[in-house]
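[1] no FASTA, just this:
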């Protein structure tokens, strides 16, 4: 299973409305929790179960104007580690991917100057691709990663090291 839902509202914390906070937390964190909980009983009876939760590099390092998004993605990391510990005895694995700046609709909304500035802070000097994230996801879902659980893996071009 891959939990990949995510929204953001980039604004200063002082301007963030309570309903915007709820929407971000509900989509990014609560949705992941409820789907995982709903399927957990079936996972216990299955073989070779792998859960991959898509967090964000922002969940590890924070980012100005993204307090609610950062909190939701950081919460997903803690949730995933707890799930990994709870379900490991039944051979259910749970890992987290923390993408950095990836070429998606979300980053397309950034203006060109912002993209250039962000690229300067990435050692590989570019945004990643959805294929690069998908390749890591495929690995974590496969038996090639059968001895990995509770891991948080960054795919960020070296942005956060």
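    Nice, I can see it. This structure is a prediction, so every number in the text was calculated from the model and none was measured.
[2] contacts and neighbour counts: CA atoms only from here.
    Noted.
[3] Quick check: longest helix in the chain by residues?
    Counting by DSSP state H, the longest helix found in the chain is helix 67-87.
[4] what helices or strands is it leaning on?
    Contacts of helix 67-87 with other secondary structure elements, assessed using 3 or more CA pairs under 8 Å, 6 or more residues apart in numbering; DSSP states H and E, are made with helix 18-25, helix 31-45, helix 57-61, strand 92-99.
[5] Tell me where this structure is predicted with low confidence.
    Counting by pLDDT under 70, the chain has no low-confidence residues at all.
[6] Show me the contact partners of stretch 15-33.
    For stretch 15-33, the external contacting residues (CA atoms under 8 Å, 6 or more residues apart in numbering) are 3, 5-9, 53, 68-69, 72-73, 75-76, 79.
[7] if I pick the residue of the chain most remote from its centre, what's in contact with it?
    Computed with CA atoms, centre = their mean, the maximum C-alpha offset from the centroid of the chain is found at residue 45, amounting to 26.1 Å. By CA under 8 Å, 6+ apart, the contact set of residue 45 is empty.
[8] May I have the residues that are in contact with the residue nearest the centre of the chain?
    Within the chain, the residue whose C-alpha comes closest to the C-alpha centroid is residue 55; the distance, by CA atoms, centre = their mean, is 1.2 Å. Contact criterion CA under 8 Å, 6+ apart gives 4, 73-74, 76-77, 96-99 as the residues in contact with residue 55.
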